[in-house]
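Q: Sequence and predicted structure are below.
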Amino acid sequence: MSNQIVVSLEKCIGCGLCASSCPFGAIVLVERPEHPKKLKLAVIDMHKCTFCGACVEACKKFGAISLIKEEPIKLDKDVSHYKGVWVYGEQRHGEISEVVFELLSKGRELAGKLNQPLTAILLGSKIEHKAVDLIAHGADKVILFDDPILAEFQDDSYSDILAHLIENEKPEIVLMGATNIGRSFASRVAAKIYTGLTADCTGLDIDPETKLLMQTRPAFGGNIMATILCPRHRPQMSTVRHKVFKPAPRDPNRTGEIIKKSVDSSKTINRTKFLNFVKDMGAKINLSDADIIVSGGRGTGKPENFKLLQEFADAIGGALGASRAAVDAGWIPYAHQVGQTGRTVAPKLYVACGISGQIQHLVGMGSSDIIVAINKDPHCPMMKLATYAIEGDMFEIIPQIISALKKNS
């Protein structure tokens with residue numbers, strides 16, 4: 001049953017109290033020529049109405065508006081049976097993705113707040129030796145599927161195995177990297193087990209009262225940060241971008257349990273066939289791994305001015321980045337873009353030149369160790385976030401820095 005709101009033809013007198021109380025402008029008064037007293041009628045635009053009930057309260061004296069809200073969805077799962085925090089240990093050709101160690105760090109924190117174990121899930125072929133790395137980086141247990149059928153990632157087989165494992169073991173939280181692989185099959189797993197998935201999270205925490213996972217991500221094009229809860233279904237699933245959290249340090253003395261599972265090939269059906277893996281040999285701007293990044297924004301003015309920023313980046317041994325505004329203007333290729341729709345980075349030093357600091361950009365570089373901002377506007381968000389803020393013209397400041405570096409080299 002969906003929400004319903006009805007205006008009574010007999011009770012409505014067209015007083016307008018409901019229209020003035022509606023915060024969404026969803027109610028208008030229309031003429032009623034056929035009415036004996038020529039009273040107006042309140043009409044609700046269902047495209048604007050949010051069923052907030054403000055009009056019902058305003059019309060309490062006349063009782064002309066009735067609101068019937070849909071019944072809450074009944075739980076098809078007893079959420080109390082779900083325990084533990086899981087991290088999917090993504091690997092490609094035997095190498096664990098760096099985002100996994102970052103998720104283990106955050107997972108360790110979440111598991112501690114819930115007083116529950118942290119488990120890593122590892123799928124692949126000839127990867128048993130990698131299970132030790134996951135324990136060394138914080139996992140209490142590793143559930144291992146080591147089988148030739150899993151040598152190459154394929155959505156069908158991987159999502160079937162993980163979905164069945166979740167249904168049997170019932171974890172409370174499942175974290176995955178927002179990588180090409182994670183984005184490809186996290187949603188498939190969530191759909192198979194009938195739970196929610198919050199993608200591209202930039203913050204995770206446990207609500208101290210409800211013990212629910214608070215999943216924070218940009219919303220409405222990055223203009224606000226939304227915190228999403230999943231109170232009625234389990235597990236609570238999130239994908240997280242690389243470089244959002246600091247990686248867990250490796251402790252070779254940590255011990256844990258490795259649980260080996262077998263793959264039932266009779267139940268694993270692939271609708272696609274793996275043919276070949278072709279490595280991209282083209283030039284890449286590997287911003288995610290750079291320790292130093294110099295980025296330019298709208299304040300750069302024109303594409304030719306990025307040559308100065310490239311010279312600056314070269315002088316301090318860094319990579320060249322850019323804001324979305326500069327990329328959208330066609331001043332620099334997309335491969336350089338830092339932000340919500342570009343690369344998420346966490347270098348030791350991030351130098352923002354002529355970047356005002358819209359939330360989309362801050363999401364992508366806010367975890368940097370040291371942030372230096374060069375801008376004419378001392379009140380822009382980037383200058384407030386910066387570890388060191390330099391107010392002034394970047395075209396006067398940067399050449400002086402480069403000159404000083406060359407003198408001291």
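A: Yep, that arrived. All values reported here derive from a predicted model rather than from experimental measurement. Numbers count the residues shown, from 1 in each chain.
Q: In the stretch 201-350 of the chain, where is pLDDT below threshold?
A: Applying pLDDT under 70 to the stretch 201-350 of the chain flags residues 221-223, 266-268, 278-285.
Q: same thing with the stretch 51-200 of the chain?
A: 70-77.
Q: And the helices in it, which stretches?
A: Secondary structure of the stretch 51-200 of the chain (DSSP state H, counting those that start in this stretch): helices at 54-58, 98-114, 131-136, 155-169, 180-192.
Q: Repeat that for the stretch 301-409 of the chain.
A: Under DSSP H, counting those that start in this stretch, the stretch 301-409 of the chain gives helices at 306-315, 324-328, 359-365, 381-385, 394-408.
Q: Tell me which of the ones you listed sits most buried.
A: Of the helices of the stretch 301-409 of the chain, the one with the most neighbours on average (mean count of other C-beta atoms under 10 Å) is helix 359-365, at a mean of 24. No exception for glycine: its C-beta is placed from N, CA and C like everyone else's.
Q: packing partners for it?
A: strand 213-219, helix 381-385 (3 or more C-beta pairs under 8 Å, 6 or more residues apart in numbering; DSSP states H and E).
Q: Quick one: residues contacting the residue nearest the centre of the chain.
A: Nearest to the geometric centre of the chain sits Asp200, at 1.8 Å (C-alpha atoms, centre = their mean). By C-beta atoms under 8 Å, 6 or more residues apart in numbering, Asp200 lies in contact with 178, 217-218, 239-241, 340.
Q: one more time with 10 Å
A: 178, 183, 215, 217-218, 238-241, 244, 340-341, 344, 363 (C-beta atoms under 10 Å, 6 or more residues apart in numbering).
Q: Kindly report the same for Gly196.
A: So Gly196 contacts 190, 215, 228-238 (C-beta under 10 Å, 6+ apart).
Q: re earlier: which one of the helices of the stretch 51-200 of the chain lies nearest to Glu391?
A: Proximity to Glu391, assessed across these by C-beta to C-beta, is greatest for helix 98-114 (34.0 Å).
Q: Can you dump the C-alpha atoms of that closest one in PDB for me?
A: C-alpha atoms of helix 98-114 as PDB (Å, rounded to 0.1, in the frame of the first residue of the first chain):
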ATOM      1  CA  GLU A  98      45.800  -1.500  -1.600                       C
ATOM      2  CA  VAL A  99      42.200  -0.500  -0.700                       C
ATOM      3  CA  VAL A 100      41.800  -3.800   1.200                       C
ATOM      4  CA  PHE A 101      44.400  -2.700   3.800                       C
ATOM      5  CA  GLU A 102      42.600   0.600   4.200                       C
ATOM      6  CA  LEU A 103      39.300  -1.200   4.700                       C
ATOM      7  CA  LEU A 104      40.900  -3.600   7.200                       C
ATOM      8  CA  SER A 105      42.100  -0.500   9.200                       C
ATOM      9  CA  LYS A 106      38.600   1.000   9.300                       C
ATOM     10  CA  GLY A 107      37.000  -2.500   9.800                       C
ATOM     11  CA  ARG A 108      39.200  -3.100  12.800                       C
ATOM     12  CA  GLU A 109      37.900   0.200  14.300                       C
ATOM     13  CA  LEU A 110      34.200  -0.700  13.600                       C
ATOM     14  CA  ALA A 111      34.600  -4.200  14.900                       C
ATOM     15  CA  GLY A 112      36.100  -2.900  18.100                       C
ATOM     16  CA  LYS A 113      33.200  -0.600  18.700                       C
ATOM     17  CA  LEU A 114      30.800  -3.500  18.100                       C
END
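Q: Can you mark which positions in it are buried?
A: By 16 or more other C-beta atoms under 10 Å, the buried positions in helix 98-114 come out as 98-111, 114.
Q: got the contact list for Glu304?
A: Trp331.
Q: Same check on the one 4 residues further on?
A: Applying C-beta under 10 Å, 6+ apart, we find Leu308 in contact with 294, 296, 300, 353, 394-395, 398-399, 402.
Q: which of the residues you listed sit farthest apart?
A: Top of the distance list for the contacts of Leu308 (C-beta to C-beta): Thr300 and Ile402, 15.6 Å.
Q: The closest residue in space to Leu123 that isn't next to it in sequence: neighbouring residues, count only.
A: Leaving aside its chain neighbours, Leu123 sits nearest to Phe145 (4.6 Å; criterion: C-beta to C-beta, 6 or more residues apart in numbering). By other C-beta atoms under 10 Å, 21 other residues sit near Phe145.
Q: so Phe145 bridges to which residues?
A: Leu123, Lys261 (DSSP bridges).
Q: Would you mind measuring from it to Ala191?
A: 21 Å (C-beta to C-beta, to the nearest Å).
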